[in-house]
Every structure is written in C-alpha cells, then in structure tokens.
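Q: coords below, sequence missing:
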C-alpha cells in the first residue's frame, strides 16, 4: 500500500484549459498504478486533489492559479432565502442511494444531459465506455444518489465519494427539462443536509473559477472555505459576491 510520502506524481504537457477559453493548462496526476486507500485519498482531497474515474489529479499550471479548491463546513452551513425556496420547491423528490453502476435509465439521462448541456465540453460526445470510466470505475467509497420525482421518474443523479472528513461531490447530471427546479443546487443542498444530520465534516465542491460562470453557483453557499497555500481559510463575502 502506498503512503503520501511514497506516492509518485506525473505532470501532463500543456493542453487547452477546460474552464477558461484561450488559456493553456497543465495537470498533476497521482501515479495510476498506486494503491490509494481511504486515508490517503482523504489527505489528497485536503490538498486540493479531485478524482475522475480511477485518476486523481489537480491543476498544475505554471502561470495561473484561477482554480480554487473549495469546501463547505456542513454544521456551519445555513441556507439563504433563495436556497430555502429551492429546497421547498423540491420537497416532492425522493433520493435513493446505491453503489455505482450503469443502467439504461441512468446512462440515458447522462447521455441527454451531456448532449444538451455540455456539447462543447471535454465529455462530448458521451458513450457508455466514457460514462463507466468517468463515474462507475472508482477505487474509493463512491455512491450514486438517484433523485426521483413523485412519479418515480429519474430526474437527476448526484455522484459523491464518502470521505473520512465528509464527502466529495464528484458530479451531478439531470434532465434538462427540469431546469426550473435548480437541480444542481438542490443536489448540493441534499448532500449538505445528509452530512449535517449524520456525519458532519465538509462537502468538497472541487474547483471554483471566478471567471467561469458555470461555477458561480459555488459562491452562493455560505460559509465557503478555500484552499490557500495549503491552508483552508474562510472566503470573504466581498470575494463571493464578485463572482455572482
């Protein structure tokens, strides 16, 4: 079994940035052959690493620090007025938590979401192999939270990793016709409420890029903490409002 001290890391050549147009990026990957247990994964998460499939990575750009790792302390979190409205609007939804798997129902929802909402992104075009490699294949304690309406129709899936210090929100996809529900925000709220009721800790939201409008929703959660030179610090209200 690897330790944090024995892990090897590999940096990619420069490639197009996924968040900022016309920018170039580099990524630092944990050796994919390393055995990363729950303790090491928790430590890596606190160092700003994320997971995609079995790959653990973080940005490693030489001249840019736009990607900010953020997390929410569950016990301190308080819903804003707009978040309370979203929560109440979705009281008809039911959530079932299962182990990661690809079913026809789940994949068809993912396929539609990527094609309609992210046709210009790295995950387009979707395929069963890509879905499995991205969300099903995991060496961690990963969960699929199936979100259904009153008719038992699957409207969203929130994927998360259970951590020693909370939970990591890996990815959420949903029915584009349900945009009015603000499902993405609801999924974050639901995961926070689960932590608040059962385990506590932090919900890790990955990277917050202030210049990327698709990530502005992360600044709506309070309190929000950011990773700064290896230390988690509270994001100030002025900084949060700048990206809204």
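A: Okay, I see it. This is a predicted model, so every value here is computed, not measured.
Q: direction included, what does the host helix or strand of residue 72 pair up with?
A: Assigned by DSSP states H and E, residue 72 falls within strand 68-73. Strand pairing for strand 68-73, determined by DSSP bridges: strand 202-208 (antiparallel), strand 225-228 (antiparallel).
Q: would you turn the ones you listed into TSV with distance to residue 22?
A: Quick note: C-beta positions are derived from backbone N, CA and C, even for glycine. As requested, those are exported to TSV (distance: least, Cβ to Cβ, whole Å):
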stretch	distance to residue 22
strand 202-208	18
strand 225-228	25
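Q: what are the buried residues along the least confident helix or strand in the chain by mean pLDDT?
A: Least confident helix or strand, the chain: helix 237-242 with a mean of 83, by mean pLDDT, DSSP states H and E. Within helix 237-242, the residues that qualify as buried are residue 240, counting by 16 or more other Cβ atoms under 10 Å.
Q: next: stretch 154-165.
A: 154-161, 163.
Q: over to stretch 212-220?
A: 212, 215-220.
Q: got those residues as CSV, with distance to residue 128, secondary structure and pLDDT columns?
A: Formatted as CSV, the buried residues of stretch 212-220 follow (distance: Cβ to Cβ, whole Å; DSSP: H, G, I helix; E, B strand; the rest coil; pLDDT from 0 to 100):
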residue, distance to residue 128, secondary structure, pLDDT
212, 28, coil, 88
215, 28, helix, 90
216, 32, helix, 89
217, 29, helix, 92
218, 30, helix, 94
219, 35, helix, 94
220, 34, helix, 95
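Q: from those, which is closest to residue 204?
A: residue 218 (10.9 Å; Cβ to Cβ).
Q: test my guess that that closest one contacts residue 224.
A: Yes - using Cβ atoms under 8 Å, residue 218 is in contact with residue 224, at 7.0 Å.
Q: which residues are in contact with each of the two?
A: Contact with both residue 218 and residue 224 is made by residues residue 70, according to Cβ atoms under 8 Å, 6 or more residues apart in numbering.
Q: what about the longest helix along the chain, distance to the chain center?
A: Ordering each helix of the chain by length in residues (DSSP state H) puts helix 104-117 first. When distances are taken as Cα atoms, centre = their mean, to the nearest Å, helix 104-117 is centred 17 Å away from the chain's centroid.
Q: model confidence over the following helix or strand past that helix, on average?
A: Per DSSP H and E, the first helix or strand lying C-terminal to helix 104-117 is helix 128-131. The average pLDDT for helix 128-131 rounds to 96.
Q: cool, and stretch 105-112?
A: Rounded mean pLDDT across stretch 105-112 is 98.
Q: residues touching that stretch, excluding its own?
A: Under Cβ under 8 Å, 6+ apart, the answer for stretch 105-112 is 126, 128, 131, 135, 144, 146, 154, 156-157, 173-176.
Q: and the residues you listed as TSV, adding secondary structure and distance to residue 114?
A: Output for the contacts of stretch 105-112, formatted as TSV (DSSP: H, G, I helix; E, B strand; the rest coil; distance: Cβ to Cβ, whole Å):
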residue	secondary structure	distance to residue 114
126	coil	4
128	helix	12
131	helix	9
135	helix	11
144	strand	16
146	strand	18
154	strand	16
156	strand	14
157	strand	12
173	strand	7
174	strand	11
175	coil	12
176	helix	10
